[in-house]
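A.B. asks: Let's see this in three dimensions:
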Amino acid sequence: MERAAETAETKIRLVARWDLDKTYLRTEFDTVRDLVRTAVERPDRKRSVPGAAALLRELKRAGARVHILSGSPRQMRGRLEEKLAIDRVRYDELTLKPNLSNALRLRFRAMRDQLGYKLPSLLAARARDQHLGRSPGELAEILVGDDAEADAFVYSLYADVCAGRVEHALLTRVLEKGRVYSDQAELALSSQRQLVPATTVSRILIHLDRQTPPSRFHEFGPRVVPFYNYLQAAIVLFADGHVSAEGVLRVASELVQQHRFDADALARSYFELVRRGHVVKSPVEPLRRVLGELEGRLPTLNELTAMVDQLGRREVEPGAPVDERPIDYVALSEIHRGGKNRRRPGAR
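C.D. replies: Numbering: from 1, shown residues only. Purely as a prediction, here's the structure:
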């Protein structure tokens, strides 16, 4: 597995596993022309999803181990590393897809498949990382992906394998139904055998790049939170105790300064999250306290103050939380096998 030069931190509490395409970078891989254009595009011309770099920096500031797991081909490593450096994003591990190897071996299904690539990679990484914390049970994880592929399915399956809710026989059946290649399946199953069962994945965040209706993700339960922008993701992670109030404001500040969000747009993002039942406790007081300490330190302080004022003045009826329900991983593996259910722009 590929690792960045940075030495892994020990005795950590949180691992953030983060996709790149459509989650951090605005990329298109739907046609051969898209692939070529993305491969040759200069790092300084690649566009980041607004707020993604800021939230990654906040997680790293809070001491998280950052593992970037991307479907981008390994040949793009140099360009991606340069782009991450431009955005001042530090990470501990960068895993890219062996698509050239897949093509040379005529494994064309593997070039689009996410189950056979991401699940074995995640399980192998967890088997290595689980002893970095005080105990496997204390090493939490958050997973960040998008709605263009099968991230909610693969991440949920991974979470339940780690927790011991998906046993060896069921995982074997899921991999068979998903038509995962034998070497990928063996890596997943051997990694599963090394795991100490623990409820490790606290949150799965799905960026709605394709504007998929959030209700489409209800089948995965409350652990999965679809989000439209990274202020929403930051607020959820603040509520979970992974990002500070000041970190939330820094993410909001990047959205204002670099992407023309105003106080109204920021406030609407919060209220929309409340209406979907993903926020129970208001962040207004912690945000207001931090605002007083940021005088002269943020150029967007006026917009941030106006945002927090709106949050404090307006009450929104919170929506009912998403129900916990059993997930039929076997059926989902057939739906997503070989990347055949990969969502394209404009799909609903």
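A.B. asks: Could you use CA atoms for every contact and neighbour count after this?
C.D. replies: Will do.
A.B. asks: For residue 133, which non-adjacent residue is spatially closest?
C.D. replies: With sequence-adjacent residues excluded and distances taken as Cα to Cα, 6 or more residues apart in numbering, residue 133 is closest to residue 11, at 4.1 Å.
A.B. asks: secondary structure class for that neighbour?
C.D. replies: Classification of residue 11 into helix, strand or coil gives coil, according to DSSP: H, G, I helix; E, B strand; the rest coil.
A.B. asks: Number of residues surrounding it?
C.D. replies: The number of residues packed around residue 11, counting by other Cα atoms under 10 Å, is 13.
A.B. asks: Can you name the next helix or strand after the host helix or strand of residue 308?
C.D. replies: Residue 308 is located in helix 301-313, with elements delineated by DSSP states H and E. Sequence-wise, the next helix or strand downstream of helix 301-313 (DSSP H and E) is helix 329-336.
A.B. asks: average pLDDT across stretch 285-297?
C.D. replies: Mean per-residue pLDDT for stretch 285-297: 87.
A.B. asks: For it, list the C-alpha coordinates in PDB.
C.D. replies: What follows is stretch 285-297 as a C-alpha-only set of coordinates in PDB (Å, rounded to 0.1, in the frame of the first residue of the first chain):
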ATOM      1  CA  GLU A 285     -23.200  29.700  21.700                       C
ATOM      2  CA  PRO A 286     -19.900  28.000  21.100                       C
ATOM      3  CA  LEU A 287     -19.600  29.800  17.700                       C
ATOM      4  CA  ARG A 288     -20.500  33.200  19.300                       C
ATOM      5  CA  ARG A 289     -17.900  32.700  22.100                       C
ATOM      6  CA  VAL A 290     -15.200  32.000  19.500                       C
ATOM      7  CA  LEU A 291     -16.200  35.000  17.400                       C
ATOM      8  CA  GLY A 292     -15.100  37.300  20.200                       C
ATOM      9  CA  GLU A 293     -11.600  35.800  20.100                       C
ATOM     10  CA  LEU A 294     -11.200  36.100  16.400                       C
ATOM     11  CA  GLU A 295     -11.300  39.900  16.200                       C
ATOM     12  CA  GLY A 296      -8.700  41.000  13.600                       C
ATOM     13  CA  ARG A 297      -7.700  37.400  12.800                       C
END
